[in-house]
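S.K.: when you get a sec, could you give me coordinates for this:
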Amino acid sequence: MPITNARKNSLYRWLVILVAVLILSVSHFVSHSVLASDVASSPFAGTKVRLASLDWPPYTGENLPGKGKSTIISRQAFAVNNIGMTTVFYPWRRVLDSLNSDQSLIGYYPEYKSASLENRFYFSDSIGDSPLGFVSLAGSTFDWTVPDDLKKWRIGVVAGYVNEPTFDRMMKNGDLKTLAANDDVTLLRLLHAKRIDAAVMDAQVLQYWLRTLPEFSALSGDFAFHPHLLGTKTLHVVFRKTEQGRQLRDLFNYGLQNQGSNLISAQQERLLSQ
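M.R.: Next up, the predicted model:
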């Protein structure tokens with residue numbers, strides 16, 4: 001039976017699709033093989049890198065199992081490349097300063113992305129998500145839908161934290177009534193004392209402190225996390241914007257991609273949730 005023009009066109013389209021798929025597959029294999037070869041011959045293989053972080057449980061913390069979720073993920077991503085990792089912990093305000101005073105630090109974590117920081121540092125692929133929103137006192141009238149709704153409330157923030165672009169811009173322009181504290185625990189104390197109406201906080205960080213701090217364990221019912229989030233932010237490792245920083249960022253991303261979805265074992269998850 002002769003092949004009609006319609007069948008010819010259909011066969012041609014399928015042939016084009018098949019060739020495209022083959023090209024993409026070969027390209028991925030070649031790039032993966034080249035990067036794997038680069039990893040094996042990397043000048044960083046067998047070395048140990050140092051990063052700065054803060055106590056921000058359950059993501060990071062000097063006394064947490066594995067030093068926190070973000071630390072476990074980062075350490076294992078480096079390990080794929082035969083690179084060791086150590087973390088030095090500082091109060092948040094000192095983390096960025098430490099990169100200026102200690103040249104042995106290659107970067108810090110975890111960080112939210114922002115345009116200003118991306119001009120200064122190389123950002124890794126995501127090492128996790130952070131549900132960012134507002135905590136208020138249970139039964140209070142605090143509520144919001146759009147950013148302008150926040151103008152009437154006294155809002156607590158941690159000094160130096162990146163939050164959400166619109167919120168941070170409004171705060172910088174003086175459109176919001178904000179009070180800065182050194183850490184999330186201080187914000188909870190200010191909130192319970194009714195010196196602020198709400199505080200910007202990660203939902204998991206809130207639950208950790210309410211579950212583990214004796215002063216809050218009996219008061220956990222006094223706090224409520226607003227269902228409308230500022231956003232779900234991705235967490236990243238930040239590297240110095242140098243050639244070494246770029247190479248380490250690329251190796252780190254390779255490690256993340258080759259760890260799959262099992263970066264934290266079930267046993268580690270249980271320890272971190274205690």
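S.K.: how about Gly46, secondary structure?
M.R.: Assigned with DSSP: H, G, I helix; E, B strand; the rest coil, Gly46 falls in the coil class.
S.K.: now do the same contact list for it.
M.R.: Applying C-beta atoms under 8 Å, 6 or more residues apart in numbering, we find Gly46 in contact with 82-83. Where C-beta positions appear, they are placed from N, C-alpha and C, glycine not excepted.
S.K.: which elements pack onto the helix or strand where Val135 lies?
M.R.: Secondary structure from DSSP states H and E places Val135 in strand 128-137. On a contact count with 3 or more C-beta pairs under 8 Å, 6 or more residues apart in numbering; DSSP states H and E, strand 128-137 meets helix 69-80, helix 184-192, strand 198-202, helix 203-212, strand 223-225, strand 231-240.
S.K.: need the winner for burial among the ones you listed.
M.R.: Comparing the helices and strands packed on strand 128-137 by mean neighbour count (mean count of other C-beta atoms under 10 Å), strand 198-202 ranks first with a mean of 24.
S.K.: what angle do that strand and strand 128-137 make?
M.R.: Orientation note: strand 198-202 sits at an angle of 160 degrees relative to strand 128-137 (axes from the mean of the first three to the mean of the last three C-alpha atoms, to 10 degrees).
S.K.: run through who's touching strand 198-202.
M.R.: Under the criterion C-beta under 8 Å, 6+ apart, residues 59, 130-136, 142, 153-158, 161, 163, 167, 184, 187-188, 190-191, 225-226, 230 lie in contact with strand 198-202.
S.K.: still on that earlier bit, give me the next element, helix or strand, following the strand holding Val135.
M.R.: Counting by DSSP H and E, the next helix or strand C-terminal to strand 128-137 is strand 154-158.
S.K.: how distant is that following strand from the center of its chain?
M.R.: Going by C-alpha atoms, centre = their mean, to the nearest Å, the spacing between the C-alpha centre of strand 154-158 and its chain's C-alpha centre is 21 Å.
S.K.: what do you get for stretch 250-257?
M.R.: Distance, stretch centre to chain centre, for stretch 250-257: 15 Å (C-alpha atoms, centre = their mean).
S.K.: buried ones in it?
M.R.: By neighbour count, with 16 or more other C-beta atoms under 10 Å as the criterion, the buried positions of stretch 250-257 are 250-256.
S.K.: identify those among these that sit within helices.
M.R.: Counting by DSSP state H, these place 250-256 in helices.
S.K.: report pLDDT for Lys151.
M.R.: Lys151 is assigned a pLDDT of 98 by the prediction.
S.K.: grab the most central residue of the protein for me.
M.R.: Central residue of the chain (C-alpha atoms, centre = their mean): Leu235, 0.9 Å from the mean position.
S.K.: ok, that residue - contacts?
M.R.: Counting by C-beta under 8 Å, 6+ apart, Leu235 makes contact with 59, 70, 109-112, 126-130.
S.K.: between all of the residues you listed, which two are separated the most?
M.R.: By the measure C-beta to C-beta, Tyr109 and Asp129 form the most distant pair in these, at 14.1 Å.
S.K.: more crowded one of the two?
M.R.: Neighbours per residue (other C-beta atoms under 10 Å) separate Tyr109 from Asp129, with Tyr109 holding more: 25 against 12.
S.K.: I'd assumed Arg249 was in contact with the more buried one.
M.R.: No - counting by C-beta atoms under 8 Å, no contact exists between Tyr109 and Arg249, whose distance comes to 11.7 Å.
S.K.: anything in contact with each of these two?
M.R.: Shared contacts of Tyr109 and Arg249, defined by C-beta under 8 Å, 6+ apart, are found at Val237.
S.K.: nearest to Ile83, of the buried residues of stretch 250-257?
M.R.: Using C-beta to C-beta, Leu251 is the member of these that lies nearest Ile83, at 6.9 Å.
S.K.: returning to that earlier point: export the ones in helices among the buried residues of stretch 250-257 to CSV and tack on pLDDT?
M.R.: Output for those, formatted as CSV (pLDDT from 0 to 100):
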residue, pLDDT
Asp250, 97
Leu251, 97
Phe252, 97
Asn253, 97
Tyr254, 97
Gly255, 96
Leu256, 94
